[in-house]
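Visitor: Generate a structure from the sequence data that follows.
(4 chains)
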There are 2 protein chains.
Amino acid sequence: MLTSAVSTQIAVHRAGHAVVAPATRHIARCSTCAMRHLCMPQGMSAEELPKLEALICTARAVRRGEPLYCAGTPFENLYAVRSGSLKTTMAHRDGREQVTGLRLAGESLGLDGIRDDVHACSAVALEDSSVCIVPYAALKRLCRESGAMQERLHRLMGEQIVREASQMMLLGSLSADERVAAFLLDVSERNAQRGYSSAEFNLRMTREDMGSYLGMTLETVSRTLSKFQKRGLIDARGKFIRIVDLEGLRGL
Amino acid sequence: MLTSAVSTQIAVHRAGHAVVAPATRHIARCSTCAMRHLCMPQGMSAEELPKLEALICTARAVRRGEPLYCAGTPFENLYAVRSGSLKTTMAHRDGREQVTGLRLAGESLGLDGIRDDVHACSAVALEDSSVCIVPYAALKRLCRESGAMQERLHRLMGEQIVREASQMMLLGSLSADERVAAFLLDVSERNAQRGYSSAEFNLRMTREDMGSYLGMTLETVSRTLSKFQKRGLIDARGKFIRIVDLEGLRGL
DNA sequence: CGAATCCTTGACGTGTCTCAAGATCCGTGG
DNA sequence: CCACGGATCTTGAGACACGTCAAGGATTCG
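Guide: Now for the predicted structure:
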């Protein structure tokens, strides 16, 4: 359930209700889907609401390991993660892939295609997931009609710009210990913002994914997590991670 | 002079004319300023043009070493570099600063403030420079009236998102040699796109700035440049750099 | 339940950092 | 225009954090 916490990523109504719609229908209108708030700023007038729901709220299921979209393919939609989680990856000329992002339930996806109508990244589900589809062309039209809507989309892009700049800082100037600690704290905080536990969570990335995202090898990720465990900072059992000493992690 | 090359960063008209307006007036309307094209997509109707020019084209001079804006200060304007160059920097909690971007003449600046109306980065001039001021509130209004304008702004943000993702890749998986080579090629290409020489240019960053941007120490930057010089890949005399063997650099 | 994937840990190699000293560049003021 | 002084750059030697290679164990998922 959502708490009254308001995400900075995607603002959420202050009423508690189910985050995840019943997963029985894979392609479905998600009028009960919390993610429609991606496009529902507080300032929006009542008559605009139906237009919105008509536009954006189609859901799509993505199986673990399957791509939601691929780098190089035409960009048409933005997405909001309804349940599950995905990674975004980019490839070098030589084919090496690197993880460039992690998207948890409630976060948005697909902005990498806006530059030139072709996706710059691929998005792959880390577990069986569900996303809301937001047709970009229609969203753009809506943003010209509604200032609140425009504001929302701009902030979403701004958020990603700042988030990526922070990741550049992490990669450019932190040690392996500091990177792993910063990553765990980031995931923890993003969980908290969406009303989930900040103290424990299932990280569906592999050690290799984490290493790729954090600019280190999977072995170093593993060693670092083991070290944190020995020091009593975390309790990690495979993909399940519990943060024991938050301040200790912050202090790195 | 501009060639007919069209920048992907900021599309430029296909007519050649001076990139840099006469620098005699520091605060001036820059109706002759190429940077007004930031907000002048091809698809724009004739009657919208005056509105645009009324809005955006005020210039501001920034002395070498001076900030154009600082992290933590209110965000009100976007900027387009008219002449000169700037770096953007971000600070860690502990005060360490890292260079997160380099902006050459013709490129845009300030998107880091859109997320929450406060600048996330600082922007500091690398040499005496001049920028066009684009009030964000007015630009937003314009984007609701003009689809072409909206498109332009979105692509600008999309460009930055993709650019930063590429920099994350560089920082996360390239060796020191590869990073320096990629950086030189990037600057070279950006120069070419704006009609300047791709083979030689003045990089006004210090070795320390480059190191900070590329996630390495200034000593390693220096050693790497020396190595490239010995191999006949480049000709570097302090901040002036000439690319001798483009393919050789690409091959790293 | 079984096989493939994923994770952990060890030993060793190396790319990059750190510290240091001298050279060079460049802005400033005379 | 020149001289000065601080900032910047180069280069070397040694240290160390992290990568690489390898092997065995634990998950996980079909």
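Visitor: Would you mind listing what in the stretch 151-252 of chain A touches chain B?
Guide: Residues of the stretch 151-252 of chain A found near chain B (C-beta under 8 Å from any C-beta of the partner chain) are A:151, A:154-155, A:157-162, A:164-169, A:171-173, A:212-215. Placement of C-beta: from N, CA and C, glycine included.
Visitor: Mind giving me the PyMOL command for buried ones among the residues you listed?
Guide: A single PyMOL command selects the buried members of these (16 or more other C-beta atoms under 10 Å in any protein chain shown):
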select buried, chain A and resi 154+155+157+158+159+160+161+162+164+165+166+167+168+169+171+172+173+212+213+214+215
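Visitor: Doesn't A:Asp186 belong to a helix?
Guide: Yes - judged by DSSP: H, G, I helix; E, B strand; the rest coil, A:Asp186 forms part of a helix.
Visitor: That one: neighbour count?
Guide: For A:Asp186, the neighbour count with other C-beta atoms under 10 Å in any protein chain shown is 15.
Visitor: I'd like the distance between it and A:Leu170.
Guide: 9 Å (C-beta to C-beta, to the nearest Å).
Visitor: in stretch A:219-233, what's buried?
Guide: For stretch A:219-233, burial by neighbour count (16+ other C-beta under 10 Å) applies to A:220-221, A:223-225, A:228, A:233.
Visitor: Make CSV from those residues and add pLDDT, secondary structure and distance to DNA strand C to it.
Guide: Formatted as CSV, those follow (pLDDT from 0 to 100; DSSP: H, G, I helix; E, B strand; the rest coil; distance: C-beta to the nearest atom of the strand, whole Å):
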residue, pLDDT, secondary structure, distance to DNA strand C
A:Thr220, 98, helix, 8
A:Val221, 98, helix, 7
A:Arg223, 97, helix, 5
A:Thr224, 98, helix, 9
A:Leu225, 97, helix, 5
A:Phe228, 97, helix, 10
A:Leu233, 96, coil, 14
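Visitor: quick check, nearest of those residues to B:Glu127?
Guide: A:Thr220 (39.8 Å; C-beta to C-beta).
Visitor: who's in contact with A:Ser197?
Guide: A:Ser197 makes contacts with A:Asn191, as judged by C-beta atoms under 8 Å, 6 or more residues apart in numbering or on different chains.
Visitor: If I look at A:Ala148, what pLDDT would I see?
Guide: Note for A:Ala148: predicted pLDDT of 89.
Visitor: and the residue nearest the centre of chain A, what element?
Guide: Centroid-nearest residue in chain A: A:Arg103, 2.0 Å away (criterion: C-alpha atoms, centre = their mean). Per DSSP states H and E: A:Arg103 is located in strand A:97-104.
Visitor: Briefly note if that strand comes near DNA strand D.
Guide: No - Strand A:97-104 stays clear of DNA strand D (C-beta under 7 Å from any atom of the strand), getting no nearer than 12.3 Å.
Visitor: same deal with stretch A:209-229?
Guide: Yes - counting by C-beta under 7 Å from any atom of the strand, DNA strand D has neighbours in stretch A:209-229: A:215-217, A:219-220.
Visitor: Among the residues you listed, which pair sits farthest apart?
Guide: Greatest spacing in the residues of stretch A:209-229 next to DNA strand D, by C-beta to C-beta: A:Gly215 and A:Glu219 (13.7 Å).
Visitor: interface residues of chain A facing DNA strand C?
Guide: Within chain A, the positions lying close to DNA strand C (C-beta under 7 Å from any atom of the strand) are A:206-208, A:218-219, A:221-223, A:225-226, A:236, A:238-239.
Visitor: Relative to B:Ala199, which of those residues is nearest.
Guide: Taking the residues of chain A next to DNA strand C together and measuring to B:Ala199 by C-beta to C-beta, the closest member is A:Glu208, at 40.0 Å.
Visitor: Find the nearest non-adjacent residue to that closest one, please.
Guide: Spatial nearest neighbour of A:Glu208, excluding adjacent residues (C-beta to C-beta, 6 or more residues apart in numbering or on different chains): A:Leu218 at 4.4 Å.
Visitor: Also A:Leu109?
Guide: What sits nearest to A:Leu109 in space, not counting adjacent residues and going by C-beta to C-beta, 6+ apart, is A:Tyr79, at 4.2 Å.
Visitor: Roughly how far does that neighbour sit from DNA strand D?
Guide: According to C-beta to the nearest atom of the strand, to the nearest Å, A:Tyr79 stands 22 Å off from DNA strand D.
Visitor: wait, doesn't that residue sit right on A:Gly110?
Guide: Yes - assessed by C-beta atoms under 8 Å, A:Tyr79 is found in contact with A:Gly110 at 5.0 Å.
Visitor: about what we covered before: residues touching the residue nearest to the centre of chain A, list them.
Guide: Here A:Arg103 is in contact with A:81, A:85-88, A:109, A:123 (criterion: C-beta under 8 Å, 6+ apart).
Visitor: quick revisit: please export the C-alpha coordinates of the strand holding A:Arg103 as CSV.
Guide: Output of strand A:97-104 as CSV, limited to C-alpha atoms (Å, rounded to 0.1, in the frame of the first residue of the first chain):
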residue,chain,number,x,y,z
GLU,A,97,26.7,-3.6,-22.8
GLN,A,98,26.5,-1.5,-19.7
VAL,A,99,23.7,-1.0,-17.3
THR,A,100,22.7,2.7,-17.2
GLY,A,101,19.7,2.7,-14.9
LEU,A,102,17.4,0.8,-12.6
ARG,A,103,13.7,1.5,-12.6
LEU,A,104,11.5,0.5,-9.6
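Visitor: Which of the residues of stretch A:209-229 next to DNA strand D fall in helices?
Guide: The helices, defined by DSSP state H, take in A:219-220 from these.
Visitor: And the residues of stretch A:209-229 next to DNA strand D, which is closest to chain B?
Guide: Nearest to chain B out of the residues of stretch A:209-229 next to DNA strand D is A:Gly215 (C-beta to the nearest C-beta; 3.7 Å).
Visitor: can you state the direction angle for the top helix by length along chain A and strand B:97-104?
Guide: The single longest helix within chain A, with elements called by DSSP H, is helix A:147-173. Put simply, helix A:147-173 runs at 120 degrees to strand B:97-104, going by axes from the mean of the first three to the mean of the last three C-alpha atoms, to 10 degrees.
Visitor: Give me the contact status of helix A:147-173 with DNA strand D.
Guide: No - judged by C-beta under 7 Å from any atom of the strand, helix A:147-173 stays clear of DNA strand D, getting no closer than 10.6 Å.
Visitor: tell me how far that helix is from the chain's mean position?
Guide: 12 Å (C-alpha atoms, centre = their mean, to the nearest Å).
Visitor: which helices and strands does that helix pack with?
Guide: Where contact means 3 or more C-beta pairs under 8 Å, 6 or more residues apart in numbering or on different chains; DSSP states H and E, helix A:147-173 is packed against helix A:136-145, helix A:176-193, strand B:85-91, strand B:97-104, helix B:136-145, helix B:147-173, helix B:207-214.
Visitor: check whether the fifth one contacts chain A.
Guide: Spelled out, that is helix B:136-145. Yes - counting by C-beta under 8 Å from any C-beta, chain A has neighbours in helix B:136-145: B:140, B:143-145.
Visitor: Pick the one among these closest to B:Glu97.
Guide: Checking those against B:Glu97 with C-beta to C-beta, the nearest one is B:Lys140 at 30.3 Å.
Visitor: was I right about that closest one contacting A:His154?
Guide: Yes - in this structure B:Lys140 lies within contact range of A:His154 using C-beta under 8 Å: 7.4 Å.
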